[in-house]
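> quick check, what structure comes out for this input:
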Amino acid sequence: MQTFNSRPPFKALFANQFRMLLILFATCTVFLLLHSTLGGFRDPSFLPMEQFPKKIWQSWKVDALRFEDRDTERAMSWTTKNAAHRYEVLTDDSAMTYVEQFYGPFGLNRPDIVYTYRSLNSIRIIQSDLLRYLIMYAEGGVWADIDVEAVRSIEHFIPKRFNEKDVNMVIGIETDEPGFKDHPLLGSKAQSFCQWTFMCKPRLPVMMRLINNILLWLNNLSQSQGVPISELQLDFDEVLSGTGPSAFTTAILAEMSVTEGEQISWDPFHDLEESRVVGEVLVLPSEAFAAGTGHSDSGNHGGRGALVMHHFHASSWPTQHPRYKHPVYGEVEKCNWDPECVALWDTNTAFFESLPEEDQLKMIAIKDQDDLKAQKKEAEVDHRLALHPGLA
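As a prediction, the model looks like this:
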């Protein structure tokens, strides 16, 4: 008697699963594209809270009990200056559970968000950026990068002339250098709000707009590169424009435009001297969150308007996602928005490109030799100091 195996062949199972994944991927892409085009998610029942949640959020590789002394000092600046606020750190190990809780089937039921976040395990900076937006949409409060120190208490975030119930989000200017907006390398970074520290109420449409923009961007990149999201290759500028300050700024300006009923550009925030509210977003001058950066008229941390100090010690991600570096003249970002320095870099690189390839190679060889000599000299100095600490 002939018998039949009731289980379908392995190849058929694999084909069915593959088709299901393709359908899910296509559905999510169309879904996100439509919502992005039509203005993102705007829940008609959305009613913002009158007050900001008294919660401070950070994320890091390990929990607060295992912080290095440096990170502990930064964290304590927030807790000691804001005793009435709760403080929570999500780690590389605990963040996935958080995302599943709020965006899984028993939360907002967004499997596309959960799947994408899990897929980003190999691209930590993108995952980290996305996490802050997911947290702030779900629960709101104050976000601060692990290397940000509180200079003043959170109660100083909203000047007394504003009513907290009329403000849904508090942000500061990071870069206000519109003179470079057409520069081929600096243009996308020349006008941006700061996302290493900001405050918002939960369930804001702007946060969901930003989250959906990121998912759509990742799906489009995955298709264009022909690889899964987990295998995407991104450079410095792609990170900034995809999930960093540029993406943050784009989403906020778009949501301001929806709220105000007119197109909002960067113009209202250029040379901002006093805080102003646009589209229920309170925008603080650059001194508030970006003091000490040395550009955009940001002042210093001694100014009365300075609220935080960003130490930048957690910004090692550019080593995995490098900036464009000219083989002879290096990175234009080292000019830190100085017009004369940028103009000289542009002139030098343009001259380099005009040379025959043979001359270019000679210039690169000379630069490499000079760098090697400088490294040897630095190593000799370090060696002498190690032998004779008193020389330091």
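> so after the strand or helix carrying Glu255, what's the next helix or strand?
Glu255 belongs to helix 245-260 when assigned by DSSP states H and E. Following the chain from helix 245-260 toward its C-terminal end, the next helix or strand by DSSP H and E is strand 276-278.
> partner strands of the helix or strand just after that following strand, parallel or antiparallel?
Next in sequence after strand 276-278, counting helices and strands by DSSP H and E, comes strand 281-284. Strand pairing for strand 281-284, using DSSP bridges, gives strand 169-176 (parallel), strand 276-278 (antiparallel).
> same list (these) but as JSON lines, adding distance to Thr116, mean pLDDT and mean neighbour count.
Every C-beta, even on glycine, is put in place using the N, C-alpha and C of the backbone. Compiled in JSON lines, the strands paired with strand 281-284 are given as follows (distance: least, Cβ to Cβ, whole Å; pLDDT from 0 to 100; neighbours: other Cβ atoms under 10 Å):
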{"stretch": "strand 169-176", "distance to Thr116": "24", "mean pLDDT": "98", "mean neighbour count": "25"}
{"stretch": "strand 276-278", "distance to Thr116": "30", "mean pLDDT": "98", "mean neighbour count": "15"}
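> Met363 is nearest to which of those strands?
Distance to Met363, taken as Cβ to Cβ, is lowest for strand 169-176 among the strands paired with strand 281-284, at 31.3 Å.
> so how far is the next helix or strand after that closest one off the chain centroid?
Toward the C-terminus, strand 169-176 is succeeded by strand 191-193 as the next helix or strand (DSSP H and E). Relative to its chain's centre, strand 191-193 lies at 12 Å (Cα atoms, centre = their mean, to the nearest Å).
> and the helix or strand just after strand 191-193, what does it pack onto?
Elements were assigned by DSSP H and E; along the chain past strand 191-193, the next helix or strand is strand 197-200. Here strand 197-200 is seen to pack against strand 141-144, strand 169-176 when contacts are counted using 3 or more Cβ pairs under 8 Å, 6 or more residues apart in numbering; DSSP states H and E.
> after strand 197-200, which helix or strand is next?
Moving on from strand 197-200 towards the C-terminus, the next helix or strand you reach (DSSP H and E) is helix 205-225.
> for the next helix-or-strand element following that following helix, give the mean pLDDT please.
Moving toward the C-terminus from helix 205-225, the first helix or strand encountered (DSSP H and E) is helix 236-242. In this model, helix 236-242 carries a mean pLDDT of 93.
> repeat that for stretch 95-111.
Average pLDDT, stretch 95-111: 97.
> before we move on, what about stretch 77-88?
Mean predicted lDDT for stretch 77-88 stands at 98.
> what does stretch 210-225 give?
Along stretch 210-225, the predicted confidence averages to a pLDDT of 97.
> with just CA atoms, put that stretch into PDB.
Only the C-alpha atoms of stretch 210-225 are listed here, as PDB (Å, rounded to 0.1, in the frame of the first residue of the first chain):
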ATOM      1  CA  LEU A 210      10.000  60.300  12.500                       C
ATOM      2  CA  ILE A 211       9.800  56.600  13.300                       C
ATOM      3  CA  ASN A 212       7.800  55.900  10.000                       C
ATOM      4  CA  ASN A 213      10.300  58.000   8.000                       C
ATOM      5  CA  ILE A 214      13.200  55.900   9.400                       C
ATOM      6  CA  LEU A 215      11.400  52.600   8.600                       C
ATOM      7  CA  LEU A 216      10.700  53.800   5.100                       C
ATOM      8  CA  TRP A 217      14.300  55.000   4.600                       C
ATOM      9  CA  LEU A 218      15.700  51.600   5.800                       C
ATOM     10  CA  ASN A 219      13.400  49.600   3.500                       C
ATOM     11  CA  ASN A 220      14.300  51.800   0.500                       C
ATOM     12  CA  LEU A 221      18.000  51.400   1.300                       C
ATOM     13  CA  SER A 222      17.600  47.600   1.700                       C
ATOM     14  CA  GLN A 223      16.000  47.400  -1.700                       C
ATOM     15  CA  SER A 224      18.600  49.700  -3.400                       C
ATOM     16  CA  GLN A 225      21.600  47.900  -1.800                       C
END
